[in-house]
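1. got a structure for you, letters missing:
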């Protein structure tokens, strides 16, 4: 009976799950079926029972191949991005499996994003690094100590950086190349802070639906300033390769063409602690798959403030959202079409209405996994919802 090729391949398919059956049950079923050689019908019944038992026990060696349930989130205007709610992407057991893989991996902070530019701890740590770099030059009297006599709070805040810049400018032979690179990265990070504090950055920040991030100026009844000290961003890490390999099967269950038409250009794990959030932004890709591995107790919704009406999307374990951040470009006859060319399909540009942010986590911790996808199929795409499975 078991020597039949098709039956044997079926038994092999269930092999991983069989390890979870109690040994006594396995022995009884297998021995009964093997020793009932004089009762072919009974042998067949035993084998069917065995397969049924194995089929209801989760196989920890692979994830479910079942497609998630896809539910479009209604929008009121055709220019608004396609946003889909995906339920049952992973079962709770599969999520536990992923979290165990993550916990057992040494997570690497992602290099694809600017570090938490609002972190006071990061600022203080950078100041300590800068002071350490210039300390030998200060001690021998080559340059003065970092602005210790200036009582201006704002000036004092940049004292270490100014001392470093002075040392590099006037005594470059005393600063190593590695230290110059470190200082350049710190300058780049602080320039990002200044961009956020510009009029343009402030206007974007004020789109946030986390109103506790704002503060009123004295005597003013309108919210016109950002409480920068109230901003703490979620921490981003690269998805370990062994985890990424095991979640690639999700793409063909929601997007036509699967991984042959859609390339994962970024895979990130984001961990939020209480008080953390994500600032308003537009993803630099065609589609984003956001999967919740651990929802927080309160807060932490995914917010789309420019939709009509604005949307707060709640996160549930094993569920997620698929949304598109690009749209087809309408080209004029005399318009240069070389600026937005993409592989596969026509011209695309960012959809401003896809701007979104992670709401502040008010209680508990939140962990999400984000896949940024780029379309590289051969067919022109007129509307992204046409590329979604079952829609």
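-> Arrived safely. Keep in mind the model is a prediction, meaning the values are calculated, not measured.

2. C-alpha only now, for contacts and for neighbours.
-> OK.

3. now for residue 89: which residues touch it?
-> Residue 89 is in contact with 67-69, 250, 291, 318-320, counting by CA atoms under 8 Å, 6 or more residues apart in numbering.

4. give me the neighbour count for the nearest residue to it once chain neighbours are set aside.
-> Nearest non-adjacent residue to residue 89, counting by CA to CA, 6 or more residues apart in numbering: residue 68, 4.9 Å away. For residue 68, the count of nearby residues is 19 (other CA atoms under 10 Å).

5. how about the contacts made by residue 68?
-> Residues counted as contacts of residue 68 (CA under 8 Å, 6+ apart) are 86-89, 253-254.

6. what do you get if the cut-off is 10 Å, keeping everything else the same?
-> Neighbouring residues of residue 68 by CA atoms under 10 Å, 6 or more residues apart in numbering: 85-90, 250, 253-254, 318-320.

7. now do residue 356
-> So residue 356 contacts 207-209, 278-283, 302-307, 311-312, 325 (CA under 10 Å, 6+ apart).

8. what about the residue lying closest to it once chain neighbours are set aside, how many residues nearby?
-> Leaving aside its sequence neighbours, residue 356 sits nearest to residue 304 (CA to CA, 6+ apart; 4.5 Å). Neighbourhood size, residue 304 [other CA under 10 Å]: 24.

9. ok, what's across the strand from residue 304?
-> As for beta bridges, residue 304 partners with residue 311 under DSSP bridges.

10. could you tell me the per-residue confidence at it?
-> pLDDT for residue 304: 94.

11. my guess is it meets residue 279, correct?
-> No: look at residue 304 against residue 279 with CA atoms under 10 Å: they stay out of range, at 11.4 Å.

12. where do the contact lists of those two overlap?
-> Shared contacts of residue 304 and residue 279, defined by CA under 10 Å, 6+ apart, are found at 207-209, 355-359.

13. who does residue 264 form a beta bridge with?
-> When bridges are called by DSSP bridges, residue 264 pairs up with residue 373.

14. where does the protein have low pLDDT?
-> Within the chain, the segments meeting pLDDT under 70 span 1-67, 76, 111-115, 147-156, 212-225, 329-346, 391.

15. what distance do you get for residue 321 to residue 192?
-> 29 Å (CA to CA, to the nearest Å).

16. which of these two has more residues huddled nearby?
-> residue 321 (24 against 17).

17. my guess is that one meets residue 301, correct?
-> No: assessed by CA under 10 Å, residue 321 is found out of contact with residue 301, at 11.6 Å.

18. quick check: neighbours shared by the two?
-> 313-315.

19. residue 254 is in contact with residue 86, correct?
-> Yes: using CA under 10 Å, residue 86 is in contact with residue 254, at 8.6 Å.

20. can I get the contacts of residue 68 in JSON lines including secondary structure and distance to residue 102?
-> As requested, the contacts of residue 68 are exported to JSON lines (DSSP: H, G, I helix; E, B strand; the rest coil; distance: CA to CA, whole Å):
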{"residue": "85", "secondary structure": "strand", "distance to residue 102": "24"}
{"residue": "86", "secondary structure": "strand", "distance to residue 102": "22"}
{"residue": "87", "secondary structure": "strand", "distance to residue 102": "22"}
{"residue": "88", "secondary structure": "coil", "distance to residue 102": "20"}
{"residue": "89", "secondary structure": "coil", "distance to residue 102": "18"}
{"residue": "90", "secondary structure": "coil", "distance to residue 102": "15"}
{"residue": "250", "secondary structure": "helix", "distance to residue 102": "18"}
{"residue": "253", "secondary structure": "helix", "distance to residue 102": "23"}
{"residue": "254", "secondary structure": "helix", "distance to residue 102": "24"}
{"residue": "318", "secondary structure": "coil", "distance to residue 102": "15"}
{"residue": "319", "secondary structure": "coil", "distance to residue 102": "18"}
{"residue": "320", "secondary structure": "strand", "distance to residue 102": "18"}
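
21. ok, of these, which one's closest to residue 227?
-> Closest to residue 227 out of the contacts of residue 68 is residue 320 (30.2 Å), distances taken as CA to CA.

22. what distance do you get for the closest one to residue 88?
-> For residue 320, the distance to residue 88 - CA to CA - is 8 Å.

23. now do residue 371
-> Taking CA to CA as the measure, residue 371 falls 17 Å from residue 88.

24. please apply the same query to residue 306.
-> Applying CA to CA, the value for residue 306 to residue 88 is 28 Å.

25. residue 196 now?
-> 37 Å.

26. ok, residue 351 next?
-> From residue 351 to residue 88 the distance is 28 Å (CA to CA).

27. wait, what's in contact with residue 118?
-> Counting by CA under 10 Å, 6+ apart, residue 118 touches 189-190, 192-193, 196, 228-233.

28. assumed it was part of a strand.
-> No: using DSSP: H, G, I helix; E, B strand; the rest coil, the assignment for residue 118 is coil, not a strand.

29. if I pick residue 169, what's in contact with it?
-> Counting by CA under 10 Å, 6+ apart, residue 169 makes contact with 163, 175.

30. any idea which element it lies in?
-> Using DSSP states H and E, residue 169 maps to helix 159-170.

31. in the stretch 101-250 of the chain, which spans are strands?
-> Counting by DSSP state E, counting those that start in this stretch, the stretch 101-250 of the chain has strands at residues 214-216, 223-226, 235-238.

32. what sits in contact with each of residue 86 and residue 254?
-> Common neighbours of residue 86 and residue 254 (criterion: CA under 10 Å, 6+ apart): 67-70, 289, 322.

33. out of these, which one sits closest to residue 181?
-> Of all those, residue 289 has the smallest distance to residue 181: 34.5 Å, by CA to CA.

34. got the contact list for the residue nearest to the closest one when sequence neighbours are not counted?
-> Spatial nearest neighbour of residue 289, chain neighbours left out: residue 322 (4.6 Å); criterion: CA to CA, 6+ apart. Neighbouring residues of residue 322 by CA under 10 Å, 6+ apart: 70, 72, 82-86, 254-255, 287-291, 370-372, 388.

35. okay, now the sheet partners of the host helix or strand of residue 322, with direction.
-> Per DSSP H and E, residue 322 falls inside strand 320-324. Strand 320-324 pairs in its sheet with strand 83-87 (antiparallel), strand 287-294 (antiparallel), by DSSP bridges.
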